[in-house]
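Peer 1: coords please:
(chains A and B)
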Number of protein chains: 2
Amino acid sequence: MLLLYYWPTIQGRGEFVRLALEQAGAPYRDVAREDGVEAMFSAMHEGPTPAFAPPFLKDGDLVVGQVANILLHLGDRFGLAPSDAGGRLWTHQIQLTIADMVAEAHDTHHPVGNGLYYEDQKPEAARRATDFRDNRIPKFLGWLETVLARNPAGPGRLVGAENTYADLSLFQLVEGLRYAFPRAAERALAKAPKVMALHDAVAELPRIRAYLQSPRRIPFSEDGIFRRYPELDG
Amino acid sequence: MLLLYYWPTIQGRGEFVRLALEQAGAPYRDVAREDGVEAMFSAMHEGPTPAFAPPFLKDGDLVVGQVANILLHLGDRFGLAPSDAGGRLWTHQIQLTIADMVAEAHDTHHPVGNGLYYEDQKPEAARRATDFRDNRIPKFLGWLETVLARNPAGPGRLVGAENTYADLSLFQLVEGLRYAFPRAAERALAKAPKVMALHDAVAELPRIRAYLQSPRRIPFSEDGIFRRYPELDG
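Peer 2: Numbers count the residues shown, from 1 in each chain, chains lettered A, B, ... in the order given. Next comes the predicted model:
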């Protein structure tokens, strides 16, 4: 039984891990959702490898933190990444680039600091969101479109001929962008048809579809990374 | 011969890779410093695994991008990380957390967007830098201090009993913080003596010391990630 530790009321960064666990069919408990956040903090601060922040995963004796690092482990453990060194590193590189974009999406509503409310940094957020919409979303999605176009095994997946955790993360990235920036995302995705097609294909994977329809899938909200503040959309 | 592709006039994110290559004693060329940035862009945009941004590394047929991913590879290749799965993931987790702090250090002078000059986002930068100095530097350094204190092999290294690429990255992080925020860094490092001791020990590693005294080490400047703008120090 794998133990996932993450905030119990949001998708947030933990959702990238949840999607991988679901697609793997892995037996797991989402600990804070069952036992509360105290159980999460208690586990986070104990032992020789304390995580800086949630999410982190316990897999037997192994405790693994940082989303991309957790996915690196799950990719090996459940065949959600190629087994050769080159394919493994390339999948991880794509994941780290998606993580960079997720961090930038977060910073559109928190450009000054995490310790402040959005309401206390709205002018700064408006400027940062403009740059994110006009420059960063097109640049990141354009890169993902190129990656798909150049996959020697075909444009249906980011790496090789089988779904990897990077495909699942692309799905979640697109979901988040469409939630937070519906107008800007629609414009950018119109120029990234392969990204959109992969998003749609992931949504139809039987285990992902079942997960999305289950109560385990927490709705988007203005407490997560992707927040819908209409004034930040273009 | 390894080929490193990064901006030729700054330390930037590439410096974390340069330090690992130097400590490994790896034969490498810093391509853009010898052949210009056109050679870098040309290599960046070709092939089935294009990097989103520099740095990236060519090692035979392998092309690897994203700093932490490059270090994951170099760790395996040159023994700069433990070879067991748990130690390997833990080293990578520390690296990814350092990378998060580096990104936040960058955003103190570019809180609104990369496409704008610092001069066009000074009020926002002042607010973000305050949060970084008061909250984030102490939190990140406190976590690194805890990691050192809990290393079962002793507090002289982040992971195990041998230097890893994470130790080298801690050195560079401290160097950068002391350059960009001399007053805030001094305050925070006074409470992180193990971090400071590891920084000093890395500076004395023979290969690192030789590198730092060589012309290959580019000085810090206001074009890099760590920039000294006195108004952003506390």
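
Peer 1: switch to C-alpha atoms for all contacts and neighbour counts from now on
Peer 2: Will do.

Peer 1: Show me what the least confident helix or strand in chain A by mean pLDDT is packed against.
Peer 2: Lowest on mean pLDDT, DSSP states H and E among the helices and strands of chain A sits helix A:122-131, with a mean of 94. Secondary-structure packing of helix A:122-131 (3 or more Cα pairs under 8 Å, 6 or more residues apart in numbering or on different chains; DSSP states H and E): helix A:85-109.

Peer 1: Now the helix it packs on: buried residues?
Peer 2: The neighbour-count check on helix A:85-109 (16 or more other Cα atoms under 10 Å in any protein chain shown) flags A:86-99, A:101-109 as buried.

Peer 1: sorry, back to before: quick one: residues in contact with the least confident helix or strand of chain A.
Peer 2: A:107-112, A:118, A:231-234, B:111-113, B:115, B:124 (Cα atoms under 8 Å, 6 or more residues apart in numbering or on different chains).

Peer 1: tell me which of the residues you listed is nearest to B:I225?
Peer 2: B:P111 (12.5 Å; Cα to Cα).

Peer 1: pretty sure the closest one contacts A:H110?
Peer 2: No: contact criterion Cα atoms under 8 Å: B:P111 and A:H110 do not qualify, at 9.5 Å.

Peer 1: between the two, which one's more packed in?
Peer 2: Higher neighbour count among B:P111 and A:H110: B:P111, with 31 against 25, using other Cα atoms under 10 Å in any protein chain shown.

Peer 1: and the gap between the more buried one and chain A?
Peer 2: B:P111 sits 6 Å away from chain A, going by Cα to the nearest Cα, to the nearest Å.

Peer 1: doesn't that residue fall inside a strand?
Peer 2: No: B:P111 is assigned coil when assessed by DSSP: H, G, I helix; E, B strand; the rest coil, not a strand.

Peer 1: what's it sitting at in phi/psi?
Peer 2: For B:P111, the backbone dihedrals (degrees, to the nearest 10) come out as phi -70, psi -20.

Peer 1: With A:E204 instead?
Peer 2: phi -100, psi 0.

Peer 1: Quick one: residues contacting it.
Peer 2: No contacts exist for A:E204 under Cα under 8 Å, 6+ apart.

Peer 1: try 10 Å
Peer 2: When contacts are counted by Cα atoms under 10 Å, 6 or more residues apart in numbering or on different chains, A:E204 touches A:198, A:210, A:212.

Peer 1: Find the nearest non-adjacent residue to the first one, please.
Peer 2: Distances taken as Cα to Cα, 6 or more residues apart in numbering or on different chains put A:G156 closest to A:L198, at 6.0 Å, once the chain neighbours are dropped.

Peer 1: what about the strands in chain A?
Peer 2: A:2-5, A:28-30, A:56-59, A:62-65 (DSSP state E).

Peer 1: Determine how far the shortest one lies from the middle of the whole chain.
Peer 2: For strand A:28-30, the distance from its own C-alpha centre to the chain's C-alpha centre is 18 Å (Cα atoms, centre = their mean, to the nearest Å).

Peer 1: What pairs with it, parallel or antiparallel?
Peer 2: Here strand A:28-30 has these sheet partners by DSSP bridges: strand A:2-5 (parallel).

Peer 1: separation between the residue most central in space within chain A and chain B?
Peer 2: Taking Cα atoms, centre = their mean, the centroid of chain A lies closest to A:F16, which sits 3.9 Å from it. Distance of A:F16 to chain B, computed by Cα to the nearest Cα: 16 Å.

Peer 1: likewise A:Y165?
Peer 2: 16 Å.

Peer 1: circling back: what about the contacts of A:E204, which one has the most neighbours?
Peer 2: A:L198 leads the contacts of A:E204 on contacts (other Cα under 10 Å) with 22 neighbours.

Peer 1: Tell me if stretch A:109-121 is near chain B.
Peer 2: Yes: Stretch A:109-121 is in contact with chain B by Cα under 10 Å from any Cα of the partner chain, via A:110-116, A:121.

Peer 1: What residues sit buried inside that stretch?
Peer 2: Neighbour-count burial for stretch A:109-121 flags A:109-114, A:118, A:121 (criterion: 16+ other Cα under 10 Å).

Peer 1: Need the residues that contact that stretch.
Peer 2: Outside stretch A:109-121, the residues that touch it by Cα under 10 Å, 6+ apart are A:104-108, A:122-129, A:222, A:225-229, A:232, B:104, B:107-108, B:110-113, B:124-132, B:135-136.

Peer 1: ends of that stretch, how far apart?
Peer 2: 8 Å (Cα to Cα, to the nearest Å).

Peer 1: Over to stretch A:55-64?
Peer 2: By Cα to Cα, the extent of stretch A:55-64 from end to end equals 9 Å.

Peer 1: how does chain A divide up, domain by domain?
Peer 2: A:2-78, A:85-205 (automatic domain parsing).

Peer 1: what about the shortest one, average pLDDT?
Peer 2: In this model, domain A:2-78 has a mean pLDDT of 97.

Peer 1: Can you name the two of the buried residues of stretch A:109-121 that sit furthest apart?
Peer 2: Greatest spacing in the buried residues of stretch A:109-121, by Cα to Cα: A:N114 and A:Q121 (10.3 Å).

Peer 1: All the helices of chain A, in order from the start?
Peer 2: Remark: helices assigned in chain A by DSSP state H are A:14-24, A:31-35, A:37-45, A:67-78, A:85-109, A:122-131, A:137-150, A:165-180, A:182-189, A:193-203, A:206-212.

Peer 1: for those helices, which one sits closest to B:A188?
Peer 2: With distances scored as Cα to Cα, the stretch of the helices of chain A nearest to B:A188 is helix A:37-45 (20.9 Å).

Peer 1: gap between that closest one and the chain center?
Peer 2: 22 Å.

Peer 1: Show me what that helix is packed against.
Peer 2: strand A:2-5, helix A:31-35, strand A:56-59, strand A:62-65 (3 or more Cα pairs under 10 Å, 6 or more residues apart in numbering or on different chains; DSSP states H and E).

Peer 1: Let's see that with 8 Å instead.
Peer 2: Using 3+ Cα pairs under 8 Å, 6+ apart: helix A:37-45 touches helix A:31-35.

Peer 1: Give the buried residues for the helix it packs on.
Peer 2: A:31-33.

Peer 1: what's the closest of these to B:K191?
Peer 2: Distances from B:K191 to these, taken by Cα to Cα, are shortest for A:A32, at 31.9 Å.

Peer 1: My guess is that closest one contacts A:W7. True?
Peer 2: Yes: applying Cα under 8 Å, one finds A:A32 in contact with A:W7, separated by 6.5 Å.

Peer 1: Surely the residue nearest to A:L198 and A:L148 touch.
Peer 2: Yes: contact between A:G156 and A:L148 holds when scored by Cα under 8 Å: they sit 7.0 Å apart.

Peer 1: Who are the contact partners of A:I94?
Peer 2: Counting by Cα under 8 Å, 6+ apart, A:I94 has contacts A:A166.

Peer 1: That one and A:I10, how far apart?
Peer 2: A:I94 is 24 Å from A:I10, where distance means Cα to Cα.

Peer 1: With A:V159 instead?
Peer 2: 29 Å.

Peer 1: more crowded one of the two?
Peer 2: Higher neighbour count among A:V159 and A:I10: A:V159, with 28 against 18, using other Cα under 10 Å.
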